[in-house]
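Participant: Sequence first, predicted model second:
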Amino acid sequence: MRGVATPAPSPARPWWHRFFGLNRTAAPDAEVVFPPGFLESLERLRIAALKASGGGLREGHRLGAYRGGQLEFHDHRGYSPGDDLRYLDWNLYARLGRPFIKEFAREEAGCLHLLLDATASMRLGRPAKWTFARRLAALFGHVAWKSNDLVFAWAYRGAEAELSRYPARGARPSSPEFVEWLRRQALAAPLHERAAAADGRAPSGAAGAFSAAVRAFLRAGPQRGHVFIVSDFWQEESEIAESVRLLTAAGFDVAGLHVLAEEELRAPDPGALRVLSLEDPGEVELYATGAAAACYAKELEAHLAAVKGIFQRRGGLYLFERSGAPLERVLIQTLRRRHWVA
């Protein structure tokens, strides 16, 4: 569902302007701000889902794949002829009468990619889904950088639009600069606004935006790691499944953070409606009934279950939240309970 519904409009101004407050401009600084001291309170957290990125080129706080007297004790294994006796655990040998070798692992950095949906439907909600997505990205980025992990963010707006990336190649990232980058990222314009400015050319909708974003991301040659996708996932389920498959086939771990606005979670009140899509051409007039509301609830439940299943079948993580959910609860309580952070 990329459309929204309201009672039929008066001719004063377009109904979608009244419904979403599109004539109002939010104060930019209010979009990605947090209570004083909130980010500092997160500095002992780690993103538990991340693994060491490998290569040993950047020290971090995650056990890497290297063995043999690096930085941190990792495990014991049975002695094999030819093993270096300097790593024999003599205390364990004295207790058990069997030789064991101590293994060590270098602590390396994990790598997190935040793939953010900036299509037009993310403007829905109060606060908007896009506001929620950016705040969540800022929190994940801050926590990861404090753990000395690598963080990259990518925003996608449509099948024909280029990915926005942070940081730029060769630039040194920081939490304040990342928040400023997030604040500057604009959403794709609704289709009716693009049509008005297209001079007779039909603008493209959002079909294929997610698939195109994943393919562009992979063509950029990103470092292997975990991809956190923050989106409302109003795409065809087959497109989501194929995109997630491409990511996992390329060696990335995946996580879906599914965010919807309150008005998307319930059918509109009964009555005559005009429904306009923010991302696809056309509008329809209909009469909402109780049966329509029940059908909508059933279809929405099925879609949420399908998206969750797509990630879980690929061994990925999945979390659903409303755009109005307090981030303090989402990050500290929900994500800890799900073992996304520790």
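Facilitator: Everything's here; your move. Numbers count the residues shown, from 1 in each chain.

Participant: Tell me where the stretch 151-300 of the chain has strands.
Facilitator: Along the stretch 151-300 of the chain, counting by DSSP state E, counting those that start in this stretch, strands occupy 164-166, 226-231, 253-260, 271-277, 283-288.

Participant: helices or strands next to the third one in the packing?
Facilitator: Strand 253-260 is packed against helix 129-146, strand 226-231, helix 237-249, helix 290-313, strand 317-322, with contacts defined by 3 or more Cβ pairs under 8 Å, 6 or more residues apart in numbering; DSSP states H and E. Bear in mind the C-beta positions are built from the backbone N, C-alpha and C, glycine included.

Participant: Give the buried residues for the third one.
Facilitator: What it means is helix 237-249. Buried residues in helix 237-249, counted by 16 or more other Cβ atoms under 10 Å: 239-241, 243-244, 247-248.

Participant: tell me the mean pLDDT over that helix?
Facilitator: What helix 237-249 shows for mean pLDDT is 97.

Participant: do the same with the second one
Facilitator: Within the predicted structure, the mean pLDDT of strand 226-231 is 97.

Participant: swap in the fourth one?
Facilitator: Taken as a whole, helix 290-313 carries a mean pLDDT of 91.

Participant: Just the CA coordinates for it, please, in PDB.
Facilitator: C-alpha atoms of helix 290-313 as PDB (Å, rounded to 0.1, in the frame of the first residue of the first chain):
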ATOM      1  CA  GLY A 290     -16.800  -2.500   7.600                       C
ATOM      2  CA  ALA A 291     -16.100  -5.400   5.200                       C
ATOM      3  CA  ALA A 292     -13.500  -3.300   3.500                       C
ATOM      4  CA  ALA A 293     -11.800  -2.500   6.800                       C
ATOM      5  CA  ALA A 294     -11.700  -6.200   7.700                       C
ATOM      6  CA  CYS A 295     -10.200  -7.000   4.300                       C
ATOM      7  CA  TYR A 296      -7.600  -4.300   4.700                       C
ATOM      8  CA  ALA A 297      -6.600  -5.600   8.100                       C
ATOM      9  CA  LYS A 298      -6.300  -9.100   6.700                       C
ATOM     10  CA  GLU A 299      -4.200  -8.100   3.700                       C
ATOM     11  CA  LEU A 300      -1.900  -5.900   5.900                       C
ATOM     12  CA  GLU A 301      -1.300  -8.800   8.300                       C
ATOM     13  CA  ALA A 302      -0.500 -11.100   5.500                       C
ATOM     14  CA  HIS A 303       2.000  -8.600   4.000                       C
ATOM     15  CA  LEU A 304       3.800  -8.000   7.300                       C
ATOM     16  CA  ALA A 305       4.100 -11.800   7.800                       C
ATOM     17  CA  ALA A 306       5.400 -12.200   4.200                       C
ATOM     18  CA  VAL A 307       8.100  -9.500   4.700                       C
ATOM     19  CA  LYS A 308       9.200 -11.000   8.000                       C
ATOM     20  CA  GLY A 309       9.400 -14.500   6.400                       C
ATOM     21  CA  ILE A 310      11.500 -13.200   3.500                       C
ATOM     22  CA  PHE A 311      14.200 -12.100   6.000                       C
ATOM     23  CA  GLN A 312      14.000 -15.000   8.300                       C
ATOM     24  CA  ARG A 313      14.300 -17.600   5.500                       C
END
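
Participant: now the angle from that helix to strand 226-231?
Facilitator: 170 degrees (axes from the mean of the first three to the mean of the last three Cα atoms, to 10 degrees).

Participant: Can you name every helix or strand that helix 290-313 contacts?
Facilitator: By 3+ Cβ pairs under 8 Å, 6+ apart, helix 290-313 packs against helix 237-249, strand 253-260, strand 317-322.

Participant: mind checking which of these is nearest residue 133?
Facilitator: strand 253-260 (6.2 Å; Cβ to Cβ).

Participant: Tell me what angle the closest one forms with helix 290-313.
Facilitator: Using the same axes, to 10 degrees: strand 253-260 against helix 290-313 is 160 degrees.

Participant: Pairing partners for strand 253-260, with directions?
Facilitator: Strand 253-260 pairs in its sheet with strand 226-231 (parallel), strand 317-322 (parallel), by DSSP bridges.

Participant: Among the ones you listed, pick out the one with the most neighbours on average.
Facilitator: strand 226-231 (a mean of 26; mean count of other Cβ atoms under 10 Å).

Participant: ok, residues contacting that strand?
Facilitator: Outside strand 226-231, the residues within contact range by Cβ atoms under 8 Å, 6 or more residues apart in numbering are 47, 49-51, 110-117, 122, 133, 136-137, 140, 210, 217, 247, 252-259.

Participant: 7 Å - rerun?
Facilitator: 49-50, 112-117, 133, 136-137, 140, 247, 252-259 (Cβ atoms under 7 Å, 6 or more residues apart in numbering).

Participant: how about the strands in the stretch 1-150 of the chain?
Facilitator: 3-7, 59-63, 72-78, 100-105, 107-108, 111-117, 150-156.

Participant: which non-adjacent residue is nearest residue 157?
Facilitator: residue 188 (3.9 Å; Cβ to Cβ, 6 or more residues apart in numbering).
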